[in-house]
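1. please work out how this folds:
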Amino acid sequence: MQVTDPDLLAYLRHRVGEQEIDARQREIYRRALELNTPTPDFACTFGDSELPAYVGFVDLAGFSNAAHGKRPGEIAAYLQPFLVRVIGILRGRSMLIDKTIGDEVMFILPETEEEERPPEVLFLGQAMGALHDLAFELGGAYRYRIGLAYGQVSFFHIEGSGYSEWTAVGETVHVAKRLHGLPQLAEPNPVCGAFGMCVDPGNAEQVHAIMEQRLSIFAGFASRFDSQLVEDRVSLKGVGDVLYALLLPRPERVSMGA
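-> Model (predicted):
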């Protein structure tokens, strides 16, 4: 199917990235092109369904202090280079951009089972490595955190007068967001992150195994972050107990200076 409507193309590029639109290799993106209408409903791509996904938030540390006393135009000029680069990294590696709020970018990477395509965790590894390198490339001008979670999310459609949108909800979203509040992430140097999953007594061993397996790929694969799985669970507001791992730049890179 050839999509020619400029507004629809712009919308799809925003959601799935130009690279994926051009390639059209994955079934979910092919369906997105076929099913979208001039009032795009991306939720129909997933059939208003529940599915496993990686959910992440990237935000600047100390943004409120940096923005204090500045005019809106000055804040926009400060944010734009950071947001443009982060979104470019995510879009180029199969991420869906859910939204931006101020200095924050929310992204989603649905997990599918397609034999002809590498696992999504490899794309996550590429993105994490690129986000790591960007912090050093920018010379520490932007210090930021990455909150990342894995689990079930529900995609559904919201429609009102003159408005059509999809969104994703679930504990996985809350875990990714709440991880930003960990004290270990308070002062990125120049970047840090955490990866977590909800855990209860009935699935503790399974979650631990999933965490180790995924970390070995997307943290080790990127060869950037040191991952430290924290054995003591943390209780996060609204989601209960979470098993998490810290993602910190390798000491030798930090010692070189941001």
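2. what about the strands in the stretch 1-150 of the chain?
-> 50-60, 96-101, 104-110, 144-160 (DSSP state E, counting those that start in this stretch).
3. including distance to residue 229, could these go into CSV?
-> Placement of C-beta: from N, CA and C, glycine included. Converted to CSV, the strands of the stretch 1-150 of the chain look like this (distance: least, Cβ to Cβ, whole Å):
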stretch, distance to residue 229
strand 50-60, 17
strand 96-101, 27
strand 104-110, 21
strand 144-160, 14
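4. out of those strands, the one nearest residue 68 is which?
-> Closest approach to residue 68 among those is made by strand 50-60 (13.3 Å; Cβ to Cβ).
5. what comes up buried for that closest one?
-> Neighbour-count burial for strand 50-60, counted by 16 or more other Cβ atoms under 10 Å, picks out 53-60.
6. now swap in stretch 243-253 and tell me
-> Buried residues in stretch 243-253 (16+ other Cβ under 10 Å): 243-249, 253.
7. quick one: which of those residues is nearest residue 86?
-> residue 247 (15.7 Å).
8. packing partners for the helix or strand where the closest one lies?
-> Counting by DSSP states H and E, the element that carries residue 247 is strand 240-249. The contact analysis (3 or more Cβ pairs under 8 Å, 6 or more residues apart in numbering; DSSP states H and E) places strand 240-249 against helix 120-137, strand 191-198, helix 204-218, strand 225-236.
9. give me whichever of those is most buried.
-> strand 191-198 (a mean of 26; mean count of other Cβ atoms under 10 Å).
10. quick one: strands adjacent to the strand holding residue 247?
-> strand 191-198 (antiparallel), strand 225-236 (antiparallel) (DSSP bridges).
11. tell me the angle that strand makes with helix 204-218.
-> Put simply, strand 240-249 runs at 20 degrees to helix 204-218, going by axes from the mean of the first three to the mean of the last three Cα atoms, to 10 degrees.
12. let's test this: mean pLDDT of strand 240-249, rounded?
-> Mean pLDDT, computed over strand 240-249, is 93.
13. also stretch 94-106?
-> According to the model, stretch 94-106 has a mean pLDDT of 90.
14. same thing with stretch 70-88?
-> In the prediction, stretch 70-88 has an average pLDDT of 94.
15. buried residues in that stretch?
-> If you call a residue buried by 16+ other Cβ under 10 Å, then stretch 70-88 has these buried ones: 75, 78-79, 82-83, 85-87.
16. same question, stretch 83-103
-> Here stretch 83-103 shows 83, 85-87, 89-98, 100, 103 as buried, counting by 16+ other Cβ under 10 Å.
17. which members of these occur in helices, if any?
-> 83, 85-87, 89-91 (DSSP state H).
18. out of these, which is nearest to residue 68?
-> For those, the nearest to residue 68 is residue 83 (19.2 Å; Cβ to Cβ).
19. residues touching the closest one, list them.
-> Residue 83 makes contact with 100, 103, 105, according to Cβ atoms under 8 Å, 6 or more residues apart in numbering.
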